[in-house]
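**Student:** need a structure here:
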Amino acid sequence: MITESDGSPVNMAPSTYGDTNKESKTLLIKYQEDGIKKQENYTIDIINDVKSKLLFKEQHNLNII
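**Tutor:** Now for the predicted structure:
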């Protein structure tokens, strides 16, 4: 089972990344091997690699009679 280090569900799509466009997370991985339960912390970086933004601005003229 893989969770955030605090035991909460893993969020792989954070809503904010900060100035670096990178979010570091520590995941808690629990597993069983040869009947022995083990757990490990594993650090990952989620990188929001935005190449460019394209904005459209449309103007509509409404003539209401």
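
**Student:** any idea how far the nearest residue to residue 32 once chain neighbours are set aside lies from residue 50?
**Tutor:** Excluding its sequence neighbours, the residue lying closest to residue 32 (C-beta to C-beta, 6 or more residues apart in numbering) is residue 38, at 7.2 Å. To be clear about C-beta, it is placed using only N, CA and C from the backbone, and glycine gets the same treatment. Per C-beta to C-beta, to the nearest Å, residue 38 is found 38 Å from residue 50.

**Student:** picking that back up, who's in contact with the residue nearest to residue 32?
**Tutor:** Taking C-beta atoms under 8 Å, 6 or more residues apart in numbering, we find residue 38 in contact with 30, 31, 32.

**Student:** please indicate which of those residues are buried?
**Tutor:** Buried members of the contacts of residue 38, counted by 16 or more other C-beta atoms under 10 Å: none.

**Student:** before we move on, the earlier item: so how far is the helix or strand hosting the residue nearest to residue 32 from its chain's centroid?
**Tutor:** According to DSSP states H and E, residue 38 maps onto strand 36-47. Remark: strand 36-47 is offset 15 Å from the chain centroid, using C-alpha atoms, centre = their mean, to the nearest Å.

**Student:** quick check: mean pLDDT across that strand?
**Tutor:** Taken as a whole, strand 36-47 has a mean pLDDT of 93.

**Student:** same question, stretch 22-33
**Tutor:** pLDDT averaged over stretch 22-33 gives 92.

**Student:** which other residues reach that stretch?
**Tutor:** Stretch 22-33 is touched from outside by 1-5, 7, 10, 14, 16-17, 37-48, with contacts defined as C-beta under 8 Å, 6+ apart.
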